[in-house]
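[1] I would like to see how this sequence folds:
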Amino acid sequence: DIITYMDGRDFSNKTHPEFWTSMKTRLGVEKHFGDDIEFHVIFQDSRAWGQESGITANSKNVDLAQGWMKFKNIFNQDLHLQLGRFQLDYGNGFVIGASAWNYIERSFDGAVVAYKYNNFNIDLFYALHTASIATQKRDISPAESSYPAVDYSGYNILGLSSDYKINDNHKLSLIAVSEMNSKKSDTRNVDLDRYTAGLSMNGIAGNFVYNGGVYYQFGNQGAKDISAYAYLFKLTYNAKPWTFSIANETNSGTDPLSDGSKINTFNNYLGAKHRFFGPMDYFSDMKIGSNSLGVNNYFVDIQLKPEDTKFSFNVTAYYFISNQKDINDNNYFKNKFGLGTKLGNEIDLGIKYNVMKGILVEWISGVFMPGAAMEEIWKINADNGDPILRNDPAFMSYLRFRLE
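    You can find the predicted model right below:
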């Protein structure tokens, strides 16, 4: 996977765009031992072209992307146990996703127990996000054993996902995830104790395709209470060779005038970010990208895939508004009806060319016109303290070559 980027997303025409090329190369092995044991290992090298200090240097980017074994048909039931390093995708990828667009894709170390019965299936999964002990001690000695014992401070993820296939065209899904970082953020509170739960539904009705989900998040982060929500909905109409879609993605935010005791910004840290809130990726981190205000994203997508051709084309128009009003927004109409502050508009154009099965060439370009809230987020101060308002249209473009 080779992607060449042009990045001019800083809202300033006084700076030049940046150019770079990233590359991911994978080598995998798959082995089956009869019908009941499956083994996968995938090594990946991720790099930006020219990042080494010289042409004979080695930046040592090779990593185990996935390495797992699966025991199938346990007790002669449709029951499976997967152990090792693997990728997860639940809640339409919004709650947990592989983040395939990232320079280094997200993988989890842990276990998955999967059970299927008729139209019902359930996955119970555990992942160790960050270990409490950095290295495994092979030798034990009195000097190495602390007394009293050090508190456990690992970051653990435990979740459950369940699907119910209503019929061949409609599926209902449930997701529940617990994140626990036992490191103390102060003398009384753990650093993170967060729970996410939600329902999603996907289906086909004639020429219409729909998918959506509603998610709620609660718990504690340090001494602050968490109470946040998100919802997604997309409706697509297929009229070959055209496809028309309308959609909404909403992520709750925190009122900047609140007393600071609560976190109302939905955190989908584990989600597949590039799938949502526009491919220019301004809102992949809601705390930074929206200044914790959250985002309501409304968009329209039009695709054309002519018959007997390997090309497809699409144009997508986005309207972003903050979920909570910006602290400087005194517009009467918005305050009267509780609407947020405009973040901006994004328009993207894309062309795909499927050379053959497994070989894809893709070109996408986008432009983003910032609104009042975005101007405030991206404002910086000069050395003399004077504010510099970056409010020019931003743009990006990339050319991708993918072989799989």
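[2] using PDB, write out every CA atom in stretch 243-262.
    The C-alpha coordinates for stretch 243-262 follow below in PDB (Å, rounded to 0.1, in the frame of the first residue of the first chain):
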ATOM      1  CA  THR A 243     -25.500   5.700  -6.000                       C
ATOM      2  CA  PHE A 244     -26.900   8.500  -3.800                       C
ATOM      3  CA  SER A 245     -26.300   8.700   0.000                       C
ATOM      4  CA  ILE A 246     -27.400  11.000   2.800                       C
ATOM      5  CA  ALA A 247     -25.900  10.600   6.300                       C
ATOM      6  CA  ASN A 248     -25.400  12.100   9.700                       C
ATOM      7  CA  GLU A 249     -22.600  11.400  12.200                       C
ATOM      8  CA  THR A 250     -23.000  13.100  15.600                       C
ATOM      9  CA  ASN A 251     -20.500  13.100  18.500                       C
ATOM     10  CA  SER A 252     -21.500  14.800  21.700                       C
ATOM     11  CA  GLY A 253     -19.300  17.600  23.100                       C
ATOM     12  CA  THR A 254     -18.700  19.400  26.400                       C
ATOM     13  CA  ASP A 255     -20.100  22.900  27.100                       C
ATOM     14  CA  PRO A 256     -17.100  25.200  27.400                       C
ATOM     15  CA  LEU A 257     -19.000  27.200  30.100                       C
ATOM     16  CA  SER A 258     -19.600  24.100  32.300                       C
ATOM     17  CA  ASP A 259     -17.900  23.800  35.700                       C
ATOM     18  CA  GLY A 260     -15.400  21.200  34.400                       C
ATOM     19  CA  SER A 261     -16.600  18.300  36.600                       C
ATOM     20  CA  LYS A 262     -18.000  16.300  33.700                       C
END
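[3] average model confidence for it?
    Per-residue pLDDT values across stretch 243-262 average out to 93.
[4] also stretch 353-372?
    Averaged over stretch 353-372, pLDDT sits at 93.
[5] stretch 64-76 now?
    Taken as a whole, stretch 64-76 has a mean pLDDT of 93.
[6] next, the buried residues of that stretch.
    When burial is assessed from 16 or more other C-beta atoms under 10 Å, stretch 64-76 yields the following buried residues: 65-70, 72. Every residue, glycine included, has its C-beta placed from N, CA and C.
[7] with stretch 369-380 instead?
    The neighbour-count check on stretch 369-380 (16+ other C-beta under 10 Å) flags 370-378 as buried.
[8] what's near enough to touch residue 222?
    When contacts are counted by C-beta atoms under 8 Å, 6 or more residues apart in numbering, residue 222 touches 185-186, 189, 191-192.
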